[in-house]
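J.: Next comes the sequence, and after it the predicted model I'd like to discuss.
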Amino acid sequence: QVQLVESGGGEVESGGSLTLSCAVSGIRFSSFTMGWFRQAPGKQREQVATISVRGEPSTVDSLKGRFTISRDTGQNTVSLQMDALKPEDTAVYYCNAKHSSPNSEYWGQGTQVTVSA
């Protein structure tokens, strides 16, 4: 059974930091590109950051310098360090695992992040 379990969400004041973690089981973690996505109320889900099987991180341009993704292959976890948080970062954050060949994709249940002004 594939499981992606996020943790670390919560409420923080503007300018604060949070670290999200995603524990992965049931798949060969080292073979999957991992990512974080988010969905704000009334908006579509959007990509935040991804990290390749080789550990190469990529953060969307609008979040570079504030959000950093990392992975620990030994622990089968992927993390998202979020700094200088803003109210517009408020969203449900989802962990994602993607494999291109064969094509397969898995999602976590999401964790709420709320940034107050």
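T.: All right, it came through fine.

J.: what's the residue nearest to residue 33 when sequence neighbours are not counted sitting at in phi/psi?
T.: Computed as Cβ to Cβ, 6 or more residues apart in numbering, the closest residue to residue 33 that is not its neighbour in sequence is residue 98, at 4.8 Å. For the C-beta atoms, the positions are set from N, CA and C on the backbone; glycine is no exception. In terms of degrees, to the nearest 10, the main-chain angles of residue 98 are phi -140, psi 140.

J.: So residue 98 sits against residue 36, correct?
T.: No: between residue 98 and residue 36 there is no contact under Cβ atoms under 8 Å: 12.0 Å.

J.: okay, the two: which has more neighbours?
T.: residue 36 (25 against 14; other Cβ atoms under 10 Å).

J.: Quick check: bridge partners of the nearest residue in space to residue 49 that is not next to it in sequence?
T.: Nearest residue to residue 49, sequence neighbours excluded (Cβ to Cβ, 6+ apart): residue 69, at 3.9 Å. Here residue 69 sits in beta bridges with residue 80, as judged by DSSP bridges.

J.: show me the contacts for the spatially most central residue of the chain.
T.: The chain has residue 36 as the residue nearest its centroid, 2.5 Å off, counting by Cα atoms, centre = their mean. Neighbouring residues of residue 36 by Cβ atoms under 8 Å, 6 or more residues apart in numbering: 20, 22, 47-50, 67, 69, 78, 80, 93-96.

J.: List the single closest residue to residue 7 in space, sequence neighbours excluded.
T.: Residue nearest to residue 7 in three dimensions, not counting chain neighbours: residue 21, with 5.2 Å by Cβ to Cβ, 6+ apart.

J.: again, but for residue 39
T.: In space, residue 39 is closest to residue 45, 4.2 Å off (Cβ to Cβ, 6+ apart).

J.: What is the neighbour count of the one you found?
T.: 15.

J.: now do residue 38
T.: For residue 38, the count of nearby residues is 23 (other Cβ under 10 Å).

J.: so which strand or helix has it?
T.: Assigned by DSSP states H and E, residue 38 falls within strand 33-39.

J.: now do residue 113
T.: Secondary structure from DSSP H and E places residue 113 in strand 111-116.
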